[in-house]
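Q: okay, structure incoming, though there's no sequence with it:
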């Protein structure tokens, strides 16, 4: 039998009084319990898992006919900019953290369409990227022109 198997190995100290330090105050029970809290060895791993699980849509590929209609609508918008038309844009917003993105509908009064910068600017200062526009609707677009 080795010394670790001996059931009487603590007999000499088991009845001694508990030591209380005279120089250090006792640790509060809350702090003592924190010593035994689970250790998060993989800090941030849960956030990574949640981000990976977050759903994003694929960017749609517009067909040639859809692109032609969108280009005609853009030309129509350019021609009516002085009227500050109210337009509803169907857009694809790329995700900033992973591939894909989401679809959104944005309505506003258009102040500027800058082909060089590639943006549409609304009168309230919001901007959208022209490359992300999937469709446009508004009173300036005649349904007969785009049927």
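A: Yep, it's here. In this text, all values refer to a predicted model and were calculated from it rather than measured experimentally.

Q: backbone phi and psi for the spatially closest residue to residue 87 that is not a sequence neighbour, please?
A: Of all residues beyond its chain neighbours, the one nearest residue 87 is residue 138 (4.1 Å), with distances taken as Cβ to Cβ, 6 or more residues apart in numbering. All C-beta atoms are positioned from the backbone trio N, CA, C, and that covers glycine. Summarising the backbone geometry of residue 138 under the convention degrees, to the nearest 10, its torsions are phi 180, psi 170.

Q: what is the neighbour count of residue 138?
A: The local packing count at residue 138 equals 16, with neighbours defined by other Cβ atoms under 10 Å.

Q: isn't it right up against residue 90?
A: No - counting by Cβ atoms under 8 Å, residue 90 is not a contact partner of residue 138; they are 11.9 Å apart.

Q: look up how far residue 18 lies from the residue lying closest to residue 126 once chain neighbours are set aside.
A: In space, and not counting its chain neighbours, residue 126 is closest to residue 108: 6.2 Å by Cβ to Cβ, 6+ apart. According to Cβ to Cβ, to the nearest Å, residue 108 and residue 18 sit 73 Å apart.

Q: having no further points to raise, I will conclude here.
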